[in-house]
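[1] Model the following, please.
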Amino acid sequence: MVATDKVQFMQRSKNIDSAIRVLIELFNKSGIETAQVMRFLGEKWGGVEKFGFSNKGSRNVIRDIRRRVFDSGDADSGMAFLRQLQETSFGNFFYRVDLDKENRVRGLVWVDDRSLNAYSNFGDVISSESTYMTNRYFMPFIPIMGVNHHYQNILFGFALMSDEKETSYKWVLKTWLKVVGNKPPQTIITD
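    Numbers count the residues shown, from 1 in each chain. Presented below is the predicted three-dimensional model:
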């Protein structure tokens, strides 16, 4: 009912066949990027418009797979590493974790002694902007930054979140504020 050159503009079904999910997972484990997976599937089925989901659908499958993997061993390894950093820093490394009901990481904030010192000296203004899909779990990464007296960027802390809901940002900022001694900045710049 729709001309072939207009099919790409139609909203596609978000349901991805389980066999295709397995294929996407297999390609992902082999290190093949999402764009290449989509090209392959498009060639196999005679065009991307014929298999019923978009590039974003494929990325969502990979995100779900990676979150499942993160829930198993990677989170435990990461937490062990953060505990070790805290133990060996003589109290100058701080981290806080927010877990959901299934004991999965929902949020993580960490600040080292260098960041604490930088914030105590230059913490009037902070800047924070999340980055997308830069880590293998597709968790937004939030560096909390400022500017020193030489107009150079300096880091005041870091955070990972499972989503970008307002409640997640509130948890990150409140937690970070506790770690830096409840001394709020005068200004926060964010996107």
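
[2] Trp110 - nearest residue in space that isn't next to it in sequence?
    Using CB to CB, 6 or more residues apart in numbering and skipping the chain neighbours, the partner closest in space to Trp110 is Tyr95 (3.9 Å). In this view, the C-beta of every residue, glycine as well, is placed from N, C-alpha and C.

[3] Quick one, grab the pLDDT at the one you found.
    According to the prediction, Tyr95 has pLDDT 90.

[4] Likewise for the one 5 residues further on?
    Among the per-residue scores, Asp100 shows a pLDDT of 83.

[5] Over to the one 5 residues further on?
    Per-residue pLDDT puts Val105 at 81.

[6] I'd say it and Arg96 touch.
    No: taking contacts as CB atoms under 8 Å, Val105 lies outside contact range of Arg96: 11.1 Å.

[7] What about Met145, how many residues nearby?
    The number of residues packed near Met145 is 19, by other CB atoms under 10 Å.

[8] quick one: what helix or strand has it in it?
    strand 141-147 (DSSP states H and E).

[9] Looks like Ile24 contacts Val61 (just checking).
    Yes: with contact defined as CB under 8 Å, Ile24 counts as touching Val61 (4.9 Å).

[10] Ramachandran coordinates for Lys178?
    Lys178 has phi and psi values of phi -60, psi -40 when expressed as degrees, to the nearest 10.

[11] Can you check the pLDDT for it?
    93.

[12] Over to Ser58?
    Listed pLDDT for Ser58 reads 69.

[13] and what of His150?
    On the pLDDT scale, His150 gets 93.

[14] Quick check: the gap between it and Gly157.
    Going from His150 to Gly157 by CB to CB, to the nearest Å gives 20 Å.

[15] what about those two, which has more around it?
    Legend: neighbour count by other CB under 10 Å for His150 and Gly157, higher for Gly157 (26 against 6).

[16] three-state assignment of that one?
    At Gly157, secondary structure determined by DSSP: H, G, I helix; E, B strand; the rest coil is strand.

[17] low-scoring pLDDT stretches of this protein, where are they?
    Residues of the chain that meet the criterion pLDDT under 70 lie in 1-15, 45, 47-55, 58-59, 62-75, 132-137.

[18] The residue nearest to Trp110 reaches Gln84, doesn't it?
    No: if you go by CB under 8 Å, Tyr95 and Gln84 don't touch, sitting 11.0 Å apart.

[19] In terms of neighbours, single out the busier of the two.
    Using other CB under 10 Å as the criterion, Tyr95 and Gln84 rank with Tyr95 on top: 20 against 11.

[20] That one: helix or strand, and which one exactly?
    strand 94-99.

[21] Disregarding residues adjacent in the polypeptide, which is nearest to Asp191?
    Leaving out its chain neighbours, the residue that sits closest to Asp191 by CB to CB, 6+ apart is Glu129, at 4.9 Å.
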